[in-house]
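>>> Mind looking at a prediction? Sequence and model below.
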Amino acid sequence: MKKILALVLALCMVFALAACGQAAAPAAQEAAPAQEAAPAAEEAAPAEEAAAPAVKVGLIFLHDENSTYDANFLNAAKEVFEANGMVEGTDFIIKTQIPEDQTCEDTALDLVDQGCNVIFSDSYGHQSYMLAAAKECPDVDFISATGDMATAEKLANYHNAFADIYMGRFLVGVAAGLKLNEMIESGKITADQAKMGYVGAYTYAEVISGYTSFYLGAKSVCPSVTMDVTFTGSWYDETAEKAAAQSLIDGGCVLLSQHADSYGAPTACAEAGVPDVSYNLDTSDAGPDTYLASSRINWAPYFQYILDCKASGTAIDEDWCGTLEGGSVEVISISEANAAPGTIEKVAEVKAALLDGSIKVFDTATYTVGGETQTSYMANAIGGDFDPDTEAIVDGVFAESKFRSAPYFDVQIDGITLLDTAF
Amino acid sequence: MKNKEPLVHLVKRSDISSGKAWIIRGIAILASLVFCGLLTLAIAKVNPIKLYSAMFEGNFGSKRRIWVLLSNISALLGLSIAVTPAFKMRCWNLGAEGQCLAGALATTACMILLGGKVANPLLWAIMLVSAVLAGAIWGFIPAFFKARYGTNETLFTLMMNYVATQLVAYFIVIWETTKGSANIGVINQRTEAGWLPVIGGQRYLLNVLIIAALTIFMFIYLKYTKHGYEIDVVGESEKTARYIGINVRNVIMRTMLLSGAICGVCGWLLVGSTNHTLTTSLTSGYGFTAVMVSWLSRFDPLIMIFSSFLLIFMNKGASEVASSLSLNESYGDILTGIVLFFLIGCEFFINYRVIFRKKNAEVSEKKEA
């Protein structure tokens, strides 16, 4: 046994030696100037700073471009900054794979050391560390996207940002409802069987607001629709999301959507031939015959807004909320091949109605809670905690993302069944 | 074919001087860095000099970075120190993750439940005691079953990690700050209750000092105490140990208790001093990396300082490479993997002499001579 092991190791080393045998000579020459290069770079730095534009952005991401969630932020940031003539590495610095602990604060402060005057983080769990960094560096703006602490903290250089994504969910919900109608008309299912499935991450207000607005969108065109929701307990877990999607399909769901960041659910739908509404990304590559539509928050308007604020010297909004009108909320695409005929026109019509206010997503006339119309609800809309602090029903509408950009609609409405609430 | 000698043959060597062994290791590290540079040049078309300087910058570029480097080294070194006594006894404690998380969970519980109710110095002590107890218990359970019933400690400790991770996940949901967010944020952010003291204005100095003290303690404990001797003997041969009157069961349980307790201290520092939060990924996988550090260092606590520095240096350097040269963060893992491959591979050359076949004439001459 030992001999075999020795032999295998010997083989490995022979390959390794062969590989570095050629390598050794030129690299030895290169190693020496490396030390000289370091001080030279330091000397050059002050000169660059003088010529640099007034804004230098540091970006902190939880994962990297392999997560649909982070990719959505990354692409928007790069697009906007590059369009403004900013160069990656000098005018904006990207840090990926930053966990939600002290590493976040250390990274944020390190970015400040590198001359960044705006620090942006993309994950909810980063916010307390961003806040700590903000307290340490009052001259630098810290933005915690999807966070909910700014409205309570009232710190001049600490900001949150989100968008009216429930409107985007509502629009793709309409596309889903039309697909269900098509299935009912063609006799594939009866009206009672129009049950959708939804793969959620946690029973977090953002997720609840998301699936409820999606459901209400479908219900606005297909009144008999019901929905099952299940939770995976993770924002990104391809295996769990795929398994959850499969169990929903097995449970009789004829159309799926998701609020989780992987390709799990779209892949399960493609394999089972079940229509799928995606999030953050056009997943038609995973399900060319099943992909219906997808919505997302487009962060480009916000990144442009930051640059404009810095250029004009105005303060960045404490709690910025992107709108459908401003392009922050969008339907990425609708598959003409897979969606019911007339879907694109209908979605455009509903979008216009949302814009002019003739349709409200959380209109209390369109849903019931425990069989009754909702007339009053105290939501936790200030800060991030458990305190119900704000009356959210205003003029017969649940005013989502009005008192705080991060969603706070966390009501369980009739027609939606939660299969599990462990998370 | 007449009695032909193979092209290469290996001879086990036991006589290599430690100085020579370290030279071989040094060469391996240099060779691996050269190889990393060339690979980067070939794949990413990045000048190797830039690569090396970015790695250096990422670790030593500013005062803050040096402190972060020291803090990370402390975290890894602490867990390496913790697993070492068990390893030296040939008891494979792969449960540093779980034992550390158990300590972290106990610390968090104290901070959340007692924060603001008792004076800070008292709270620190309570946190430390409960963390040590939690870690020790987590290490003791597998040790007890090993000593009593001869269960396999490798699997047992490994599985205890998953139990600890799930427990932490469970309590995070209980203590989460916003419903469904699965996030407890910074504990006592306003009051700073239970936050371990900042010494001399340096947030991470406390960690460095405590881990340094533990390292020295472990060095002395293993080398100069009766316990250390017993660990050595049990590691060499349980039968010999029994013969000379060592209670093997007790030594196993005692050593695993110590191992777990030090992991608990690491958990206490991670929550109380470094992060002030609890997540399932709190240990950054250091509990497993520690296994490698301990092995690479031949179970010598002082050499572990260097080994953990090397691994953290690679890790931080790679992170800087990723952002300043716009390479993916995972590229850093590849570089670290290459260095480890060379480093572990070079042990082969330390243990074996490679002899190539010489020309026939020479061989026969030598034979005659």
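Ah, there it is.
>>> Tell me the residue of chain B that sits nearest chain A?
Ranked by C-beta to the nearest C-beta, the top residue of chain B for proximity to chain A is residue B:180, at 3.2 Å. The C-beta positions use only the backbone N, C-alpha and C, and glycine is treated the same way.
>>> surely that residue meets residue A:203?
Yes. If you go by C-beta atoms under 8 Å, residue B:180 and residue A:203 touch, sitting 4.1 Å apart.
>>> Now the common contact residues for the two.
Common contact partners of residue B:180 and residue A:203 (C-beta atoms under 8 Å, 6 or more residues apart in numbering or on different chains): residue A:423.
>>> Would you map the strands across the stretch 1-150 of chain A?
Along the stretch 1-150 of chain A, the stretches classed as strands by DSSP state E, counting those that start in this stretch are A:57-60, A:92-95, A:118-121, A:141-145.
>>> swap in chain B?
Secondary structure of chain B (DSSP state E): strands located at B:8-12, B:352-356.
>>> List the strands paired with the last one, with their directions.
Spelled out, it's strand B:352-356. In the sheet, strand B:352-356 lines up against strand B:8-12 (antiparallel) (DSSP bridges).
>>> For the partner strand, list every residue counted as buried.
By 16 or more other C-beta atoms under 10 Å in any protein chain shown, the buried positions in strand B:8-12 come out as residue B:10.
>>> so for that strand, what's the average pLDDT?
Within the predicted structure, the mean pLDDT of strand B:8-12 is 85.
>>> Figure out which of the strands of chain B is closest to residue B:327.
Nearest of these to residue B:327, taken as C-beta to C-beta: strand B:352-356 at 35.3 Å.
>>> Check the offset of the closest one from the chain's centre.
Taking C-alpha atoms, centre = their mean, to the nearest Å, the mean C-alpha location of strand B:352-356 is offset from the chain mean by 32 Å.
>>> For chain B, give me its nearest residue in chain A.
Per C-beta to the nearest C-beta, residue A:204 is where chain A lies closest to chain B, at 3.2 Å.
>>> which one is that residue nearest to, not counting chain neighbours?
Leaving aside its sequence neighbours, residue A:204 sits nearest to residue B:180 (C-beta to C-beta, 6 or more residues apart in numbering or on different chains; 3.2 Å).
>>> Just read off the phi/psi values of the one you found.
phi 80, psi 0 (degrees, to the nearest 10).
>>> For the spatially most central residue of chain B, list the residues it contacts.
Taking C-alpha atoms, centre = their mean, the centroid of chain B lies closest to residue B:290, which sits 1.7 Å from it. Contacts for residue B:290 (C-beta under 8 Å, 6+ apart) come out as B:76, B:79-80, B:82-83, B:96.
>>> would you turn those into CSV with distance to residue B:33 and pLDDT?
Shown next, in CSV, are the contacts of residue B:290 (distance: C-beta to C-beta, whole Å; pLDDT from 0 to 100):
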residue, distance to residue B:33, pLDDT
B:76, 20, 97
B:79, 26, 97
B:80, 22, 97
B:82, 29, 97
B:83, 27, 96
B:96, 28, 97
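>>> who are the neighbours in contact with residue 97?
In the absence of a named chain, this looks at chain A. Contacts were defined as C-beta under 8 Å, 6+ apart; by that measure residue A:97 touches A:61-64, B:319, B:329.
>>> you looked at the wrong chain, it should be chain B
By C-beta under 8 Å, 6+ apart, the contact set of residue B:97 is B:161, B:164-165, B:283, B:285-288.
>>> ok, 6 Å please
B:161, B:283, B:287 (C-beta atoms under 6 Å, 6 or more residues apart in numbering or on different chains).
>>> now those as TSV including pLDDT and distance to chain A?
Converted to TSV, these look like this (pLDDT from 0 to 100; distance: C-beta to the nearest C-beta, whole Å):
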residue	pLDDT	distance to chain A
B:161	97	18
B:283	92	11
B:287	95	15
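>>> which residues does the nearest residue to residue A:379 once chain neighbours are set aside contact?
In this structure, residue A:379 finds its nearest non-sequential neighbour in residue A:392, 4.0 Å apart by C-beta to C-beta, 6+ apart. Residues near residue A:392 by C-beta under 6 Å, 6+ apart: A:377, A:379, A:398-399.
>>> So which of those residues are in strands?
A:379, A:398.
>>> So which of the contacts of residue A:392 is the closest to residue B:119?
Nearest to residue B:119 among these is residue A:379, at 37.8 Å by C-beta to C-beta.
>>> Check the residue nearest the centre of chain A and give its pLDDT.
The structure's chain A has its C-alpha centroid closest to residue A:69; by C-alpha atoms, centre = their mean the separation is 4.3 Å. pLDDT for residue A:69: 88.
>>> Spatially nearest residue to it (excluding sequence neighbours)?
Using C-beta to C-beta, 6+ apart, the closest residue to residue A:69 is residue A:261 (4.2 Å).
>>> my read: the one you found touches residue A:236, true?
Yes. Using C-beta atoms under 6 Å, residue A:261 is in contact with residue A:236, at 4.5 Å.
>>> Settle it for me: which of these two has more neighbours?
Neighbour count, other C-beta atoms under 10 Å in any protein chain shown: between residue A:261 and residue A:236, residue A:261 has more, with 25 against 19.
>>> can you pull the buried residues of stretch B:24-41?
Buried residues in stretch B:24-41, counting neighbours by 16+ other C-beta under 10 Å, are found at B:25, B:28, B:30-41.
>>> that older thread, could you measure the residue nearest to residue A:204 against residue A:235, distance?
Distance of residue B:180 to residue A:235, given as C-beta to C-beta, to the nearest Å: 11 Å.
>>> now swap in residue B:308 and tell me
Per C-beta to C-beta, residue B:308 is found 31 Å from residue A:235.
>>> In terms of neighbours, single out the busier of the two.
More neighbours surround residue B:308 than the other of residue B:308 and residue A:235, with 30 against 22 (other C-beta under 10 Å).
>>> Leaving aside the residues adjacent along the chain, what's closest to residue A:366?
residue A:216 is the one closest to residue A:366 (C-beta to C-beta, 6+ apart), at 5.9 Å.
>>> Okay, and that neighbour sits in which element?
Residue A:216 belongs to helix A:205-219 when assigned by DSSP states H and E.
>>> pLDDT on that helix, on average?
For helix A:205-219, mean pLDDT is 95.
>>> Distance from that helix to the middle of the chain?
With C-alpha atoms, centre = their mean as the basis, helix A:205-219 stands 15 Å off its chain's centre.
>>> ok, now stretch B:18-36?
Chain-centre distance of stretch B:18-36: 21 Å, with C-alpha atoms, centre = their mean.
>>> for residue 73, what are its contacts?
Using chain A here. A:122, A:299.
>>> should've been chain B
Going by C-beta under 6 Å, 6+ apart, residue B:73 touches B:308-309, B:312.
>>> And the contacts of stretch B:151-162?
If you take C-beta under 6 Å, 6+ apart as the criterion, stretch B:151-162 is touched by B:91-95, B:97-98, B:142, B:145-146.
>>> Scan those residues and report the most crowded one.
Counting by other C-beta under 10 Å, residue B:95 has the largest number of neighbours within the contacts of stretch B:151-162, with 34 neighbours.
>>> Least confident secondary structure element in chain A?
Taking mean pLDDT, DSSP states H and E as the measure, chain A has helix A:2-51 as its least confident helix or strand, at a mean of 43.
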